[in-house]
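When you get a sec, could you give me coordinates for this:
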Amino acid sequence: MQESINIFIKSIFIDNMIFAYFLGMCSYLAVSKSVKTAVGLGIAVIFVQVITVPVNYLLNKYMLTPGALTWISPQLADVDLNFLSFIMFIAVIASIVQLVEMIIEKFSPALYNSLGIFLPLIAVNCAILGGSLFMQEWEFENFGQTVAFGLGSGIGWALAIIAIAAIREKIRYSAIPGPLRGLGISFILTGLMAIAFMSFLGIKL
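The predicted structure is shown next:
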């Protein structure tokens, strides 16, 4: 339990998908013009992460790793389906994103319209795929740790986009030099926020 809590906190503040790895930057920059839209996309990303990372963990453990198919038959001990990782992970992600898209369209049409093309693009958001690939690389010990990582990485990404959206709303009427307006100042702010988040590296878990 303690290890799961450590993974959860670390994935939010230390291994933040945006500030540590700069994954998911396209949606992060494009949808962070208003806090309301950023919150909607952030919640959608959390939902997708908390489902896809554990599901892909089960796929990896019981299907893709070398010898994983021994639960079916001992004769399959030499089978290695690891080369299917990318396509299997993406298939799971695309399925969950489609479900999220239908739910948002039904219950919040305004949010669905404001997110536009970036909602279905969660399926190819590198932060989402990165979560599953990090899960595979870091070899978590159990299912609970993958849930903690999926939830933490989703919250970390949502925290980043909501924070930049709040700042962009505040500086909208500031006297920013012309060449830096829009994406220019957003990149500068993201870099400064990433430096600020580096202070969490001192946390001993």
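
contacting residues around residue 60?
68, 85, 135, 136 (Cβ atoms under 8 Å, 6 or more residues apart in numbering). All C-beta spots, glycine's among them, are computed from the backbone N, C-alpha and C.

Quick check: the last one vs residue 104, distance?
Look at residue 136 and residue 104: by Cβ to Cβ, to the nearest Å, they are 28 Å apart.

Repeat that for the second one.
Distance check for residue 85 against residue 104: by Cβ to Cβ, it reads 28 Å.

Neighbour count for the two, which is higher?
A side-by-side neighbour count of residue 85 and residue 104, using other Cβ atoms under 10 Å, places residue 104 first with 21 against 18.

So the more buried one: helix, strand or coil?
helix (DSSP: H, G, I helix; E, B strand; the rest coil).

Please report the distance of it from residue 169.
Counting by Cβ to Cβ, the gap from residue 104 to residue 169 is 22 Å.

again with residue 116
With Cβ to Cβ as the criterion, residue 116 and residue 169 are 19 Å apart.

Between the two, which is the more surrounded one?
The residue with more neighbours, out of residue 116 and residue 169, is residue 169; 15 against 12, by other Cβ under 10 Å.

which residue sits closest to the more buried one, ignoring its sequence neighbours?
What sits nearest to residue 169 in space, not counting adjacent residues and going by Cβ to Cβ, 6 or more residues apart in numbering, is residue 35, at 6.1 Å.

surely the one you found meets residue 163?
No: taking contacts as Cβ atoms under 8 Å, residue 35 lies outside contact range of residue 163: 9.5 Å.

Which residue ranges of the chain form strands?
Along the chain, no segments are classed as strands by DSSP state E.

what are the ranges of the helices in the protein?
Along the chain, counting by DSSP state H, helices occupy 2-9, 25-30, 35-59, 85-107, 109-115, 126-138, 143-170, 183-197.

could you dump those to CSV with distance to residue 19?
Shown next, in CSV, are these (distance: least, Cβ to Cβ, whole Å):
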stretch, distance to residue 19
helix 2-9, 15
helix 25-30, 10
helix 35-59, 14
helix 85-107, 22
helix 109-115, 22
helix 126-138, 11
helix 143-170, 6
helix 183-197, 4
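
which strands and helices sit next to the helix or strand of the chain with the lowest mean pLDDT?
The helix or strand of the chain with the poorest confidence is helix 109-115; it has a mean of 78 (mean pLDDT, DSSP states H and E). In this structure, helix 109-115 packs against helix 35-59, helix 85-107, with contacts taken as 3 or more Cβ pairs under 8 Å, 6 or more residues apart in numbering; DSSP states H and E.

Give me the buried positions along the first one.
Just to be clear, that refers to helix 35-59. For helix 35-59, the neighbour count (16 or more other Cβ atoms under 10 Å) marks 35, 37-57, 59 as buried.

need the contact list for residue 136.
Counting by Cβ under 8 Å, 6+ apart, residue 136 makes contact with 56, 60, 85.
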